[in-house]
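Enquirer: with the sequence up front, the predicted model follows.
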Amino acid sequence: MTTLNGLGGLTAAWGRWMEDMTEEGLANLRRAGRLPLLWDKARRVKKGATPSEVVYEEGRLKVLHYLPQAPAAFRTPLLFVFALVNRPYILDLKAGKSVVSHFVRRGFDTYLVDWGTPTDADRHLSLDDYVNGYLPNVVQHLRERTGAETVNVLGYCMGGTMSSMFTALHQDLVRNLILLAAGIDFQTRDGLLNVWTDASVFDADGFVEAFGNVPASFLQNMFTMLKPVGNLLEKPINFLDRVDDDVFVEEYLTMEGWLNDNIPVPGEVFRAFAKYLYQQNRLVKGTMPVGRHVVSLKDITCPVLNLMASKDDLVPCAQSRPFTDLVGSADRKTIEFPAGHIGLAVGSKAQKELWPQAVDWLAARSESLDGPAAATPTANGRRRKRR
């Protein structure tokens, strides 16, 4: 009797296993049937959610102006400055995942710098060209367009580092500064990029001399290897497991489209970041050369908001946190948010909790339109002479 009961249990277990295998097999067939449709879906992924227009161009640079979605509330315009790596539409990825939209809906006159894609002819563009050339020209155009004396600046990642330099050298042009996951103090070894670019193992001069611009493929592979298991194994497995979830697939394709939309970085800018920041940490020391100027963060005296992500593997908090204590501002605030480098911008939690705080902070420090009427906007901008 005991033997029969044992056989019955085995038979039942075998039956359940067969049912599970059949169900999983059918599910895999359904998933496989959806794979041919992915290419078409990927091609239809929209880049940027908020309507915009180009209002200024210089070389490959374009400035986008986001069309109002609420009555104008502030005279002080807001300028987003993204990194020279990847594309800036991560700040306006899609509805419900747009940093830009928070400010536009609040009545800010909002702009974004799109640096464009450098060619081999741009390999000699330096930090001086960006910090003391392009950015002052863009800000001057916004001043003429809006009638405002100063602008608000929000810099993300590498764009945040450049924004800190710009503000230190041109404090009279900046009313408020927000940094988002920006590298400032590069002495930490919390992140792999700091280890990989150590002078003992990486020859920045030799690399730039060999390649000119930093190839987009090199940057893409470097970012992938920050989390090789997650990026090369867990991510595709999770995608295949949820490929029949239309909402998940849309968000996945949108994010992956941006992550893989890398562009080259001008060689001389990369050389400066690798040597003067990652290897010599000169921004913190007050010896960072930008053209004929030397950057001192103490020269930043406007209100500053320093946003960082506690789970950031690209720009660890140890790299961003010191900024708040290095500036000369009396009005300064730091928020360390539980997110990753990209999640700080597009994550659901950040969208619900962080960005409303940031908008409130900036609104309290921006010039309201309750005062004298702003100047009538001028026509689209054109190239201006550099300083």
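Expert: Great, that's in hand.
Enquirer: strands of this protein, start to end?
Expert: Ranges of strands within the chain are 52-58, 61-66, 78-81, 110-114, 151-156, 174-180, 288-290, 293-295, 304-309, 332-337, based on DSSP state E.
Enquirer: how far does stretch 302-320 sit from its chain's centre?
Expert: 12 Å (CA atoms, centre = their mean, to the nearest Å).
Enquirer: hmm, I typed the wrong one, I wanted stretch 151-158.
Expert: The answer for stretch 151-158 is 10 Å, by CA atoms, centre = their mean.
Enquirer: and that stretch, average pLDDT?
Expert: Averaged over stretch 151-158, pLDDT sits at 98.
Enquirer: what lies in contact with it?
Expert: For stretch 151-158, the external contacting residues (CB atoms under 8 Å, 6 or more residues apart in numbering) are 76-85, 90-91, 108, 139, 142-143, 161-164, 166-167, 173-183, 273, 314-315, 341, 345, 362, 366. For the C-beta atoms, the positions are set from N, CA and C on the backbone; glycine is no exception.
Enquirer: one step back: among the strands of the chain, which comes closest to residue 205?
Expert: strand 288-290 (15.4 Å; CB to CB).
Enquirer: now do the closest one: which elements does it pack against?
Expert: Secondary-structure packing of strand 288-290 (3 or more CB pairs under 8 Å, 6 or more residues apart in numbering; DSSP states H and E): helix 158-169, strand 293-295.
Enquirer: can you tell me what sits against the last one?
Expert: So the one you mean is strand 293-295. 128, 132, 164, 165, 168, 169, 283, 286, 287, 288, 289.
Enquirer: now the helices for the stretch 151-300 of the chain?
Expert: 158-169, 192-196, 204-211, 216-224, 228-229, 235-241, 246-259, 267-272, 282-285 (DSSP state H, counting those that start in this stretch).
Enquirer: what residues sit buried inside the third one?
Expert: Using 16 or more other CB atoms under 10 Å as the test for burial, helix 204-211 gives 204, 207, 208.
Enquirer: average pLDDT for it?
Expert: 96.
Enquirer: residue contacts, the residue lying closest to residue 299 once chain neighbours are set aside?
Expert: Take residue 299 and drop its neighbours on the chain: the residue closest to it by CB to CB, 6 or more residues apart in numbering is residue 168, 4.5 Å away. Residue 168 sits next to 295, 296, 297, 298, 299, 300 when contact means CB under 8 Å, 6+ apart.
Enquirer: which among those residues count as buried?
Expert: Buried, going by 16+ other CB under 10 Å: 295, 296, 297, 300, out of those.
Enquirer: rewinding a little: which of the helices and strands packed on strand 288-290 sits closest to residue 259?
Expert: So among the helices and strands packed on strand 288-290, helix 158-169 is nearest, using CB to CB, at 15.7 Å.
Enquirer: just the buried residues of that closest one, please?
Expert: Counting neighbours by 16+ other CB under 10 Å, helix 158-169 gives 158, 159, 160, 161, 162, 163, 164, 165, 166, 167, 168, 169 as buried.
Enquirer: repeat for stretch 212-221
Expert: Result for stretch 212-221 [16+ other CB under 10 Å]: buried residues 212, 213, 214, 216, 218, 219, 220.
Enquirer: find the centremost residue of this protein, please.
Expert: residue 156 (4.8 Å; CA atoms, centre = their mean).
Enquirer: now do the contacts for the closest residue to residue 191 other than its chain neighbours.
Expert: Nearest residue to residue 191, sequence neighbours excluded (CB to CB, 6+ apart): residue 316, at 4.7 Å. Applying CB under 8 Å, 6+ apart to residue 316 gives the contacts 188, 190, 191.
Enquirer: of the residues you listed, grab the buried ones for PyMOL.
Expert: Only the buried entries of those go into this PyMOL selection, using 16+ other CB under 10 Å:
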select buried, resi 188+191
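Enquirer: one step back: so which of the strands of the chain gets nearest residue 123?
Expert: strand 61-66 (16.4 Å).
Enquirer: direction included, what does that closest one pair up with?
Expert: strand 52-58 (antiparallel), strand 110-114 (antiparallel) (DSSP bridges).
Enquirer: give me the neighbour count for the residue lying closest to residue 110 once chain neighbours are set aside.
Expert: Nearest residue to residue 110, sequence neighbours excluded (CB to CB, 6+ apart): residue 66, at 4.5 Å. Counted by other CB atoms under 10 Å, the residues lying close to residue 66 total 23.
Enquirer: contact partners for residue 66?
Expert: 50, 51, 52, 92, 100, 104, 110, 111, 112 are the contacts of residue 66 under CB under 8 Å, 6+ apart.
Enquirer: those: which two are farthest apart?
Expert: Taking CB to CB, no two of these sit farther apart than 51 and 111, at 13.5 Å.
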